[in-house]
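> Here's my sequence, what's the structure:
(2 chains, ligands or ions: 2)
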Amino acid sequence: MIWLVAMPRSLLLFFFVRLCTESNPTRTTIFERGVTSLEHAYDAVVIGAGNGGLTAAATMAKAGKSVLLLEQHNLPGGFATSFVRGRFEFEPSLHELCDVGSPENPGEVRRLLQDTLGIQAEFLPVPEAYRLITTAEGKENLNVVMPFGVKEFVDQMEAYVPGSRKSMERFLSLCESIMAALAYIGASGGKADAKVLMKEHANFLKCGGYSVSRILSALHMPKKAQRILCAYWCYVGVSTKELNFALFAAMLYKYLTKGAWIPRMRSHELSTALEMRVRELGGEIWYNTKAEQILTENGRVTGVKTSRGEIKTAHVLACCSPNAVFGDMMEFSDIPQQQTRMVNARRIGARGFVVYLGLNRTADELGLKDYSYFIYESMDTVKEAARADGFNNHPMQATVCLNRANPDCSPPGTCIMSFTTLYNKDVWGSVPAADYVSKKREVAEHMIRDFERQVGVSLTPYIEEIEIATPVTMARYTLNPEGAMYAYSCGGWDTMLPRLMMLKEDQIVPGIRFAGGYGPRIYGYSSTYLNGELTAKLTLADMKEAGE
Amino acid sequence: MNDFNFHVKPIGLMDMLYFKKMVPARQKALSCGSAEPFSAERGANKLAALLHPKEQRLTIAEVIRHGADAKTFVLTGEPLAPFRAGQYLSFRLTIGSSVLTRPYSISSSPKWASEGKYAVTIKRQMDGFASPWILDHWKAGDAVTASGPEGTFCYEPLRDTKRVIGLAGGCGITPFLSMAYAIRDGIEDFELTLLYGSRKECDILYHGELAKIAKETSKVKVVNILSDEQKEGYEYGFITAERIRAACGGEVCSVFLCGPAAMYAFVDKELEKLGLERKYIRHELYPAPASPAKIPGYPGIANGTLTLSVRLYAETKNVPMRADETVLTALERAGITVPSRCRGGECGFCRTRVISGEVFLPEALDHRRMADLAAGYIHPCCSYPLGNLSIEVWPE
Ligand SMILES: Cc1cc2nc3c(=O)[nH]c(=O)nc-3n(C[C@H](O)[C@H](O)[C@H](O)COP(=O)(O)OP(=O)(O)OC[C@H]3O[C@@H](n4cnc5c(N)ncnc54)[C@H](O)[C@@H]3O)c2cc1C
Ligand code: FES
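Ligands and ions are numbered 1, 2, ... in the order given. Model prediction:
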């Protein structure tokens, strides 16, 4: 459901020398080589047409490389897709795409998709940041609406929490420091000067290693303001005690300064636009084709075995999990032990559960005023995250009324809603098959009723279409381990900054890089687009180094 | 830069050291993982594979005749995917040089699936291609290949009323039979009143079985309506607004329809008289008509043979395509195994890219995603060519 994050694209240069972006077209497809059809050869094979895979394939193709994109499903997008029930077309996963910005004030994602890759898509702005409701805090229960815009956000916070302004301003100053430091690092072309960092970006270095909770306390932010500020924590799925401050601050700051956007025709619009662009740029896409095995010789990638035969390539850009690549597509004996330990050390990220409703009344008629609702028991995010370890009366919900940002997304007289919650453990995997449908319905009903009660609306009598997606559904369509929506958790030690600082050492098997949510910039829509580009650029650099 | 002198620890330098520790901390944690083998197929993935198998290999255990023109096939396999009453299986068939699919609703109780059994009941369509072949060829002991359970023609308590009126015509009784069993077996909890239209008494499928279920549970009621025969104990005529209203008994009820296209055309008009909101009316999908000639709005001539150019995994093949058949049928006649399940435009499995050329896609069957429509994707199961066509498909 998320849609962060927030580091300048140029940050990939953090620890890397400047990379080539365009190289001479050197096509090595079967046609030029005149070999038989079973012996396809490509400069690079991308596994998985999720956001990361699509962006990686487009970036490789744009650089003139021959690229084959393999997708086991019959359409592009992975999570970024859509589905039709009756007269409704639902958005499966996207709530708010971060870092798009308006055409006049574009963010990294708009620049990447529209300027760099040249795709056509129509983005619509999300009206407000969020409504936040807490339900089990007695007198402390929150029911607040926060706007986008830095000034608007601070003013609104002051209205809710008189006396919060100073700490909010300091918080925003830290956000600016983080953005400036990242911009400097990016612009330095991999030669960031430690002295400059310490002198000019001291606050970034001082806050960047800590958790959100730690920094907000150090800022002496009033408790209530902290609680309101942290509403987006579930977009990352880890408690504010585990969540890295730089990551969270950059996300929130991007949302406040650039707003949030959604594509008009659901995420499938973006995925289709990217898919078409890959083809226009000369890339080849094979749907219904599963990568079965990654072939190696002397520890180097030599090809990919698929249901249609073997493909020769020296470079695999995987928009799928390392668990699948190293656990199921390679022989255990071919994998360096360090790589095995790395995969086993990482924590599977949150798994999603989503209820989709097509309602036969308008949002106005139903009294749905807002686009995005966060409903938590409390803003004790540690407790709240712990609830997500099991069914526990179902965890938090992040709920969207799509028509509030996209009024024409459903036929006149109707509206679309989606209710999302997270699970931190594989609880759905152990539901007996015979109980699966009733368990789904039980959780869905609980979420709908809870929403009705907390927001004071009636929805159930107006349900015309309902669909429920669980981690099992997501496992079916994406093949992610345990149906994870948030790839590997970015809590604690595995957050984005050290991932980016360890780009080089994280790559153990030469020729394999991870382009999707399992990539260095972590999960979420904006992150995975940027991961895709980053992975492609790193691969292009590998190719250049190898003289390919 | 409006930096203020920020620090967490007493001295800012200690904070910077903390920053520097992020990499060593991650290095250490990564090196502490276990050295055991692993797989991405775990937990939820295993349940997903059980619930949604790509294909199921089944054995025909028993064949039950219903008069001259319908048979029930009891199919066994281990393990079988559980299903919801109302779902269908898509069977993969090879007939001569054609490879094709046909969807058939599961007519047995969901309880059976856990015991390794499904049943489907197939009626001979006189001018049909696959159903006569199935009835003439499938015999006990044969192996057949089906998809996992598909489809959304199911009771949903969060959406539907507690009392459902099922309107069935001919072989359209099959999903309702499964629902009736599910109610009797305590798997589903709703009341089902069936208005079942047949020509004559002898055409009523599962006559005795339905009567028996209605005796076993008060939640299932069956009203047989005969159109071509007046007989005691049966209503005579059609499924009319009055009959539906009577079945509702003054309440607002969800109405489910399953039957031939001609029945939908008639009953939809009757339903209009009841003024029900759309959410209360649910149609089982139906296969696209074999020929487009009679579909309102069809601009073609439904005559002659065209050329279909098919791009398959970076190779291109030309095959003949009849102007009066769907694009999917042309592919199947050519022995190209493109994915398909529902054959009625809904499931999206047959999603295909048009490279050039035009097709007619009847509005009533057009369930494409908006972006697909804009990008020129089609569902070939309900697309009729308007000239030579060039497409890209990805056979499974
Ligand atoms: C969800 C669903 C559930 C259903 N459940 C049931 C059920 O429970 N019981 C039941 O009896 N029916 C059921 N049906 C209907 C069933 O799927 C078939 O439509 C029906 O059996 C008729 O199939 P047919 O091949 O005999 O006729 P048609 O499909 O009408 O046969 C003619 C078609 O075959 C094509 N064709 C002709 N020659 C060839 C050739 N050489 N190669 C390839 N194609 C050719 C023609 O172009 C034409 O499209 C269901 C349908 C749906 C959508
Ligand atoms: S087969 Fe279902 S949409 Fe074509």
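> Where does B:L93 sit: helix, strand or coil?
The assignment at B:L93 comes out as strand when based on DSSP: H, G, I helix; E, B strand; the rest coil.
> residues in contact with it?
B:L93 makes contact with B:V99, B:L100, B:T101, B:R102, B:A130, B:W133, B:I134 under the criterion Cβ atoms under 8 Å, 6 or more residues apart in numbering or on different chains. For every residue, glycine as well, the C-beta is placed using N, CA and C.
> are any of the residues you listed buried, and which?
B:V99, B:L100, B:T101, B:R102, B:A130, B:W133, B:I134 (16 or more other Cβ atoms under 10 Å in any protein chain shown).
> shouldn't the second one be in contact with B:E332?
Yes. The pair formed by B:L100 and B:E332 meets the contact definition of Cβ atoms under 8 Å, at 4.1 Å.
> Show the contacting residues for the residue in the stretch 201-350 of chain A that ligand 1 sits nearest to.
When scored by Cβ to the nearest ligand atom, the stretch 201-350 of chain A has A:N288 as its residue closest to ligand 1, at 20.7 Å. By Cβ under 8 Å, 6+ apart, the contact set of A:N288 is A:E71, A:Q72, A:H73, A:N74, B:P339, B:W394, B:P395, B:E396.
> To which secondary structure element is residue 246 assigned?
Picked chain A for this. Following DSSP states H and E, the helix or strand that holds A:A246 is helix A:245-258.
> Not quite, go with chain B.
In the assignment (DSSP H and E), B:A246 maps to helix B:241-248.
> which regions of the chain sit below the pLDDT cut-off?
Going with chain A. For chain A, applying pLDDT under 70 flags the ranges A:1-39, A:189-190.
> hmm, I had chain B in mind actually
Short version for chain B, where the test is pLDDT under 70: B:1-3.
> what residues go with each domain of it?
B:52-146, B:163-283, B:305-393 (automatic domain parsing).
> any idea which of these is most buried?
For those, the largest average neighbour count (mean count of other Cβ atoms under 10 Å in any protein chain shown) is found in domain B:305-393, namely a mean of 20.
> how about that domain against ligand 1, any contact?
Yes. For domain B:305-393, a contact with ligand 1 is found by Cβ under 6 Å from any ligand atom, at B:E325, B:T329, B:E332, B:R333, B:C342, B:R343, B:G344.
> Out of those, which comes closest to ligand 2?
Using Cβ to the nearest ligand atom, B:C342 comes nearest to ligand 2 of the residues of domain B:305-393 next to ligand 1, at 3.6 Å.
> so how far is A:A363 from that closest one?
According to Cβ to Cβ, to the nearest Å, B:C342 stands 31 Å off from A:A363.
> Same question for A:I512.
Distance, A:I512 to A:A363, using Cβ to Cβ: 46 Å.
> what do you get for A:P336?
Counting by Cβ to Cβ, the gap from A:P336 to A:A363 is 54 Å.
> of those two, who's got more company?
Shown here are A:P336 and A:A363; by other Cβ atoms under 10 Å in any protein chain shown, A:A363 has more neighbours (22 against 12).
> mind listing what that one touches?
Contacts of A:A363 (Cβ under 8 Å, 6+ apart): A:K369, A:C401, A:N403, A:R404, A:C415.
> Just the ones in strands from those, please.
Counted as lying in strands by DSSP state E, out of the contacts of A:A363, are A:C401, A:C415.
> Let me know the closest of the contacts of A:A363 to B:T94.
Of all the contacts of A:A363, the one with the least separation from B:T94 (Cβ to Cβ) is A:C415, at 46.3 Å.
> That closest one and A:G367 touch, don't they?
No. Contact status for A:C415 versus A:G367: not in contact, 11.2 Å apart, counting by Cβ under 8 Å.
> who's more crowded, the two?
Neighbour totals were compared for A:C415 and A:G367, and A:C415 leads with 26 against 12 (other Cβ under 10 Å).
> Any idea what that one is bridged to?
A:C415 has the following beta-bridge partners by DSSP bridges: A:L359.
> B:V120 too?
Per DSSP bridges, the residues bridged to B:V120 are B:F73, B:I106.
> Return the residues in contact with it.
Residues near B:V120 by Cβ under 8 Å, 6+ apart: B:T72, B:F73, B:L75, B:L89, B:Y104, B:S105, B:I106, B:S107, B:T174.
> Next, give phi and psi for B:K231.
When read as degrees, to the nearest 10, the backbone of B:K231 gives phi -150, psi 150.
> how about the helices of the stretch 301-450 of chain A, start to end?
For the stretch 301-450 of chain A, the helices defined by DSSP state H, counting those that start in this stretch cover A:322-328, A:337-345, A:363-366, A:381-387, A:436-455.
> How far does the second one sit from its chain's centre?
Taking Cα atoms, centre = their mean, to the nearest Å, one finds helix A:337-345 lying 23 Å from the centre of the chain it belongs to.
> Go through that helix and flag the buried ones.
By 16+ other Cβ under 10 Å, the buried positions in helix A:337-345 come out as A:Q339, A:T340, A:R341, A:M342, A:V343, A:N344, A:A345.
> A:T116 and A:Y529: what is the separation?
For A:T116, the distance to A:Y529 (Cβ to Cβ) stands at 10 Å.
> And those two? Which one has more around it.
Using other Cβ under 10 Å, the more surrounded residue of A:T116 and A:Y529 is A:Y529, with 30 against 17.
> A helix includes the more buried one, no?
Yes. According to three-state DSSP, A:Y529 belongs to a helix.
> residue ranges of the strands in the stretch 51-200 of chain A, please?
All strands of the stretch 51-200 of chain A, identified by DSSP state E, counting those that start in this stretch, fall at A:67-70, A:83-85, A:88-90, A:123-125, A:130-134, A:143-146.
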